[in-house]
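*Asks:* just coords:
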């Protein structure tokens, strides 16, 4: 490639847990991502916004999700932070980079509201505009703008993760018709429910999970210590709590050995399908990496990999088989063989989600570490020379905009299409990528009244109506030792900072009542 500006490949997984990848301690086979980690840099304390829509809004805009208008999901709640779509007061990565001469492509999942990817700066799109759908039904996936070339698939050949990659590779090939650099946002909907995967992938994992979630958690933690993802003194958290969707049922994940054998078989199959989805996603990421290598682009392409939130515990230890009612069906005998196929619909539940966030507390939706922590890989041989290293400094999805603006030299606008644009909230990650010193940061979180604030090594976390909890993340990443009563002045100062942030970024006003302090 005859240009100096780097290509950018931003890969986002959907509902992937903190410890699922092999290079973060998981037992799932992810050799391509593991190799990116070996040749690049792993960051262990990069934060998302706890759920798909808010995280994507932050990732795309460089703002906190409420500032971008997507504080919750895509419903319009008619208050500034909860419009359910990206507002005119923000710009997307695609809009900024396209103004700087980049091709801009999105293959995968959009899920930030009614103004689609083409209206918000992407040249080409293939995938789903909403949050989740069948991985087997080609009719659910669309190509935009209308009339652009689209792959065809024979009966029984279509699988979404493969098709998303097929179109991404087509976009890259198109970009090579000139010498302009490209930005590819490769936004897989795997491993989000419905849990569906090819039989040959599922078969790899059924025996793996027969030992149950307690043993798998223990084994993951030991590997995480060996890899130095977590401190060697880290203890495994107790099995996490769970709440159903209406929050009228609350419990704690049960010991694996207490579960009926038929239920165990059902649960093993659910987790095997989930693992298979990640395995297949890694294979497809390998296709993209090899394509970059074959075209001489790998050295000057910044590749970032991350997940939009913690593992999905929706909504109890058994998982569901119907999104509308969240009903669970116990699959036995011949029904087990059908699981993961085109006519099935499953989630895997809070017990396995607890595994996938090992060793952190809680999961998707929550402001505790298990809900907002993503495995993060940065690979850019030309600039990121910290080969195989691990960095524990914090960062956030709001930082992607500042990072891309810095490395491309493009301008972040004060106005765009006649609208005043909010300034970037994030900071460039390049100093971390290159090993330079960085100042202490303050990062804040809120989703569905679950809250958090990180200041240096200190973190306040909060579950809805419960009290704030104070943790020293440097010594207690798993948030097990609440120091609230020992540092009341610090707690009050951090609460005040969080409230000021909430007022400034449109967490307030909302049609629901304010969060209790």
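*Replies:* On my side now, so go ahead. The structure displayed is predicted, hence computed values, not measured ones. Residues are numbered from 1 along each chain as shown.
*Asks:* Can you verify my assumption that residue 124 contacts residue 148?
*Replies:* Yes. Counting by Cβ atoms under 8 Å, residue 124 does reach residue 148; the two are 6.2 Å apart. Using the backbone N, CA and C atoms, a C-beta is placed for each residue, glycine as well.
*Asks:* Please identify which of these two sits among more neighbours.
*Replies:* residue 124 (23 against 16; other Cβ atoms under 10 Å).
*Asks:* Phi, psi for that one please.
*Replies:* As for residue 124, its main-chain torsions (degrees, to the nearest 10) stand at phi -140, psi 150.
*Asks:* Next: the one 5 residues further on.
*Replies:* Backbone torsions of residue 129, given as degrees, to the nearest 10, read phi -80, psi -30.
*Asks:* could you measure the residue lying closest to it once chain neighbours are set aside against residue 211, distance?
*Replies:* Computed as Cβ to Cβ, 6 or more residues apart in numbering, the closest residue to residue 129 that is not its neighbour in sequence is residue 110, at 4.8 Å. Here the criterion is Cβ to Cβ, to the nearest Å. By it, residue 110 lies 38 Å from residue 211.
*Asks:* and these two? which has more neighbours close in?
*Replies:* Between residue 110 and residue 211, counting by other Cβ under 10 Å, residue 110 is the more crowded of the two (24 against 13).
*Asks:* so who does that one touch?
*Replies:* Taking Cβ atoms under 8 Å, 6 or more residues apart in numbering, we find residue 110 in contact with 56, 116, 117, 125, 127, 128, 129, 130, 187.
*Asks:* In helices, which of those appear?
*Replies:* residue 56 (DSSP state H).
*Asks:* ranking the contacts of residue 110 by neighbours, who comes first?
*Replies:* Ranked by the number of neighbours (other Cβ under 10 Å), those place residue 56 first, at 29 neighbours.
*Asks:* So what does the closest residue to that residue other than its chain neighbours have for phi and psi?
*Replies:* Of all residues not flanking residue 56 in the chain, residue 112 sits nearest, at 5.0 Å (Cβ to Cβ, 6+ apart). Main-chain torsions, residue 112, degrees, to the nearest 10: phi -130, psi 40.
*Asks:* Thought residue 55 was touching residue 112, still the case?
*Replies:* No. Between residue 112 and residue 55 there is no contact under Cβ under 8 Å: 9.6 Å.
*Asks:* got any ranges where the stretch 401-517 of the chain has weak pLDDT?
*Replies:* 511-517 (pLDDT under 70).
*Asks:* Quick one: distance of the longest helix along the chain to the chain centre.
*Replies:* Under DSSP H, the helix in the chain containing the largest number of residues is helix 261-294. Its chain's C-alpha centre and that of helix 261-294 lie 16 Å apart, by Cα atoms, centre = their mean, to the nearest Å.
*Asks:* Sheet partners, orientation included, of the helix or strand just after it?
*Replies:* For helix 261-294, the following helix or strand on the C-terminal side (DSSP states H and E) is strand 301-307. Strand 301-307 sits in its sheet next to strand 7-13 (parallel), strand 373-379 (antiparallel), going by DSSP bridges.
*Asks:* what's next to strand 301-307, contact-wise?
*Replies:* Taking Cβ under 8 Å, 6+ apart as the rule, strand 301-307 contacts 6-18, 33, 36, 40, 46, 48, 285, 289, 292, 374-380, 383-384, 397, 400, 407.
*Asks:* Stretch 216-229 now?
*Replies:* So stretch 216-229 is in contact with 19, 23-27, 42, 44, 209, 230-232, 234, 236, 354-355, 358-359, 390, going by Cβ under 8 Å, 6+ apart.
*Asks:* All the strands of the stretch 1-150 of the chain, residue numbers only.
*Replies:* 7-13, 41-47, 103-109, 124-128, 142-144 (DSSP state E, counting those that start in this stretch).
*Asks:* At which residues are the helices of the stretch 1-150 of the chain located?
*Replies:* 31-39, 52-61, 65-68, 93-99 (DSSP state H, counting those that start in this stretch).
*Asks:* Now distance to residue 219 and mean pLDDT too, for these, in a markdown table please.
*Replies:* As requested, these are exported to a markdown table (distance: least, Cβ to Cβ, whole Å; pLDDT from 0 to 100):
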| stretch | distance to residue 219 | mean pLDDT |
| --- | --- | --- |
| helix 31-39 | 17 | 98 |
| helix 52-61 | 28 | 98 |
| helix 65-68 | 35 | 98 |
| helix 93-99 | 38 | 98 |
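*Asks:* Of these, give the one that comes closest to residue 245.
*Replies:* helix 52-61 (15.6 Å; Cβ to Cβ).
*Asks:* Quick check: residue 44 touching residue 234?
*Replies:* No. Residue 44 lies out of contact with residue 234 (Cβ under 8 Å); the separation is 11.5 Å.
*Asks:* And those two? Which one has more around it.
*Replies:* residue 44 (21 against 18).
*Asks:* Around residue 38, how many other residues sit close by?
*Replies:* For residue 38, using other Cβ under 10 Å, the count is 14.
*Asks:* who's in contact with it?
*Replies:* Taking Cβ under 8 Å, 6+ apart, we find residue 38 in contact with 23, 387, 388.
*Asks:* just so I have it, where are all the strands in the stretch 301-450 of the chain?
*Replies:* Under DSSP E, counting those that start in this stretch, the stretch 301-450 of the chain gives strands at 301-307, 373-379, 389-396, 415-416, 419-420, 442-447, 450-455.
*Asks:* partners of the fifth one, with directions?
*Replies:* Looking at strand 419-420 with DSSP bridges, its partner strands are strand 415-416 (antiparallel).
*Asks:* Likewise for the longest one?
*Replies:* In the sheet, strand 389-396 lines up against strand 41-47 (parallel) (DSSP bridges).
*Asks:* Strand 442-447 and the partner strand, what's the angle between them?
*Replies:* 60 degrees (axes from the mean of the first three to the mean of the last three Cα atoms, to 10 degrees).
*Asks:* and strand 41-47, how far from the chain's centre?
*Replies:* With Cα atoms, centre = their mean, you get 12 Å for strand 41-47.
*Asks:* swap in stretch 16-33?
*Replies:* Its chain's C-alpha centre and that of stretch 16-33 lie 14 Å apart, by Cα atoms, centre = their mean.
*Asks:* Please identify the buried residues of that stretch?
*Replies:* 16-30, 32-33 (16 or more other Cβ atoms under 10 Å).
*Asks:* got the contact list for residue 17?
*Replies:* Residue 17 neighbours (Cβ under 8 Å, 6+ apart): 26, 307, 310, 311, 353, 355, 356, 357, 358, 363.
*Asks:* likewise residue 14?
*Replies:* 52, 109, 187, 188, 189, 190, 191, 192, 307, 308.
*Asks:* how about it, phi and psi?
*Replies:* According to degrees, to the nearest 10, residue 14 has phi -120, psi 110.
*Asks:* which stretches of the stretch 351-500 of the chain form helices?
*Replies:* Using DSSP H, counting those that start in this stretch, helices in the stretch 351-500 of the chain cover 369-372, 399-408, 430-433, 488-504.
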